[in-house]
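Asker: I would like the atomic coordinates for the input below:
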Amino acid sequence: MQAMAPDRATPRRSSPLAASISIALLALAGLAFHLTPWAKQASEWAVDQGFGALRALGPKAAPDDIVVIGLDDAGIASDVPPDLAALRRLPETLLRVAKGRPRAVALLAPLPSASLEASLPGLDGALATALAVTRAAAPLAIGITVDGRGEVVPIHEPLLRGVDAPRALAFSLLPRDRDGVVRHLDLALPTQQGAWPTAAGWLCAVLGGACAEGRIDYALGPAYRYIPVRRLLEIREAAALERLFRGRVVYLAPVLAPEERVPQPVSLAGWEQPGSRSPAVLAHAQSLRTLLHGTPVRDVPLPLVILAIAAAALVILSAPPMAPVVAALGAAATATAMVVALRQGWHLPPAAILATLVAAAVVSRVLGRRSPA
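Answerer: Numbering: from 1, shown residues only. I've put the predicted structure just below:
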């Protein structure tokens, strides 16, 4: 008598209804995740890497028309504290810049709120004169900031007698995301007197840029040049100064102190090794470059993000052995699309799309779908 072979369990497919419900629920879950702070932070990190990739491939074309002068020069010996030493050099620094016939000047170093005649005799008059001369040579934005109570830190009024204050004043504050990184640009900030321009907004309006708020395009243009104030003060010939500054926007700001550095998606400091924190003045400069020679990066419309999340959920329909492969291909396509969109001036947040791809591959295995025999 021949023994009967035991029956093998036939692989069972999930019903089309179960797959459809799973796709819909997963797409809704992906959308809900997209709206959370965690997804936003993950997407911001991914876009930061996208800017790094674009710069590695070659930055987008923009003229080299912005120069940074570092006011805190550790190479100069001084008999007074560093902050006073920088102020003592500032009048001559401004006069050298003005002689170079720049397109515009942004002074983002704090000016004293009271007279310094007792500490540095003659500084008040020399600084007021230098500011007036610079203002006569080119548009001059003077940075202002706020204290711990949110009140504007005043500037010693006699210093501003020749610069058409308060219209020359602009906020030097930078908008920072929850992780402290500077990714966005503001044209103005609210005050009790109404909206007051930021340095980028002020310069954009004066120089005729396409002024709009949004994300800073960190893929635009070359790394910045840095001129230590020591080197500038060694140059006396007007022709040499014009070669440096003529037709360029000149930023004067401290660059060395840790408190003058902020996290940025990429380092644009052409004079030092890349680090996690770059001089804050470079975020100002890149904001202006974005407004003058590009456009702020805009968010991809939400319906397109929803469509991408829904497409990622369709990985559920893949056979379990192939689902991880399909999800990996989808992840690669998403990363590529993010970088391509970024180069075109669009921000595609990838976190929810990638999370949905991973979840769809897992759900495909759970449902036990099989390819047709």
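
Asker: output the below-cut-off pLDDT ranges for this structure.
Answerer: The chain contains residues with pLDDT under 70 at 1-15, 74-80, 369-373.

Asker: quick check, central residue of it?
Answerer: residue 183 (3.2 Å; CA atoms, centre = their mean).

Asker: in this structure that one contacts residue 263, no?
Answerer: No. Shown here, residue 183 and residue 263 do not form a contact pair, counting by CB atoms under 8 Å, at 9.5 Å. All C-beta spots, glycine's among them, are computed from the backbone N, C-alpha and C.

Asker: returning to what we had before: can you report phi and psi for the residue nearest to the centre of the chain?
Answerer: The phi and psi values for residue 183, taken as degrees, to the nearest 10, are phi -120, psi -20.

Asker: can you tell me how far it is from residue 286?
Answerer: Separation of residue 183 from residue 286 (CB to CB, to the nearest Å): 10 Å.

Asker: which residues do the two both contact?
Answerer: residue 216 (CB atoms under 8 Å, 6 or more residues apart in numbering).

Asker: just give the nearest non-adjacent residue to residue 337, would you?
Answerer: Nearest residue to residue 337, sequence neighbours excluded (CB to CB, 6 or more residues apart in numbering): residue 348, at 6.1 Å.

Asker: list the buried residues in stretch 284-300.
Answerer: By 16 or more other CB atoms under 10 Å, the buried positions in stretch 284-300 come out as 284-294, 296-297.

Asker: same thing with stretch 330-347?
Answerer: Quick answer for stretch 330-347 (16+ other CB under 10 Å): 330-331, 334-335, 337-339, 341-343, 345-347.

Asker: and what of stretch 257-264?
Answerer: 260-264.

Asker: next, format those residues as CSV and append distance to residue 48.
Answerer: Formatted as CSV, the buried residues of stretch 257-264 follow (distance: CB to CB, whole Å):
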residue, distance to residue 48
260, 21
261, 16
262, 14
263, 9
264, 9
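
Asker: with these in mind, which one is nearest to residue 33?
Answerer: residue 263 (24.8 Å; CB to CB).

Asker: neighbours of the residue nearest to the closest one when sequence neighbours are not counted, how many?
Answerer: Leaving aside its chain neighbours, residue 263 sits nearest to residue 181 (4.4 Å; criterion: CB to CB, 6+ apart). If you count neighbours by other CB atoms under 10 Å, residue 181 ends up with 19.

Asker: now residue 181: how far from residue 345?
Answerer: For residue 181, the distance to residue 345 - CB to CB - is 19 Å.

Asker: cool, residue 213 as well?
Answerer: For residue 213 relative to residue 345 (CB to CB), the value is 14 Å.

Asker: what do those two both touch?
Answerer: Shared contacts of residue 213 and residue 345, counting by CB under 8 Å, 6+ apart, come down to residue 296.

Asker: related to what we said a few turns ago, give me the neighbour count for the residue nearest to residue 337.
Answerer: Residue 348: 23 neighbours (other CB under 10 Å).

Asker: ok, now residue 121?
Answerer: Residue 121, neighbours per other CB under 10 Å, totals 9.

Asker: name the SS class of it, please.
Answerer: With DSSP: H, G, I helix; E, B strand; the rest coil as the basis, residue 121 sits in coil.

Asker: got the phi and psi for it?
Answerer: Residue torsions, per degrees, to the nearest 10, at residue 121 are phi -60, psi 130.

Asker: give the contact list for it.
Answerer: Going by CB under 8 Å, 6+ apart, the list of residues near residue 121 is empty.

Asker: before we move on, the earlier item: quick check, nearest of the buried residues of stretch 257-264 to residue 141?
Answerer: residue 260 (17.6 Å).

Asker: quick check: that closest one touching residue 72?
Answerer: Yes. If you go by CB under 8 Å, residue 260 and residue 72 touch, sitting 7.5 Å apart.

Asker: would you mind listing the residues touching both of the two?
Answerer: Counting by CB under 8 Å, 6+ apart, the contacts common to residue 260 and residue 72 are residue 254.

Asker: ok, back up a step: gap between the residue nearest to residue 263 and residue 260?
Answerer: Distance from residue 181 to residue 260, by CB to CB: 16 Å.

Asker: how about residue 139?
Answerer: Taking CB to CB as the measure, residue 139 and residue 260 are separated by 24 Å.

Asker: repeat for residue 352
Answerer: 36 Å.

Asker: one step back: and which of the buried residues of stretch 284-300 is nearest residue 40?
Answerer: Closest to residue 40, out of all of these and judged by CB to CB, is residue 297, at 14.9 Å.

Asker: what's across from the closest one in the sheet?
Answerer: Beta-bridge partners for residue 297, by DSSP bridges, are residue 215.

Asker: so what's it up against?
Answerer: 214-217, 342, 345-347.

Asker: now the two most distant members of the residues you listed.
Answerer: It's 216 and 346 that sit farthest apart of these, by CB to CB, at 14.1 Å.

Asker: could you list the buried residues of stretch 85-104?
Answerer: For stretch 85-104, using 16+ other CB under 10 Å, the buried residues are 85-91, 93-100, 102-104.

Asker: the residues you listed in helices, which ones?
Answerer: Counting by DSSP state H, those place 85-91, 93-99 in helices.

Asker: need the residues you listed in JSON lines (columns: distance to residue 111).
Answerer: What follows is these, written out as JSON lines (distance: CB to CB, whole Å):
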{"residue": "85", "distance to residue 111": "15"}
{"residue": "86", "distance to residue 111": "11"}
{"residue": "87", "distance to residue 111": "8"}
{"residue": "88", "distance to residue 111": "13"}
{"residue": "89", "distance to residue 111": "14"}
{"residue": "90", "distance to residue 111": "8"}
{"residue": "91", "distance to residue 111": "12"}
{"residue": "93", "distance to residue 111": "13"}
{"residue": "94", "distance to residue 111": "11"}
{"residue": "95", "distance to residue 111": "16"}
{"residue": "96", "distance to residue 111": "18"}
{"residue": "97", "distance to residue 111": "16"}
{"residue": "98", "distance to residue 111": "17"}
{"residue": "99", "distance to residue 111": "21"}
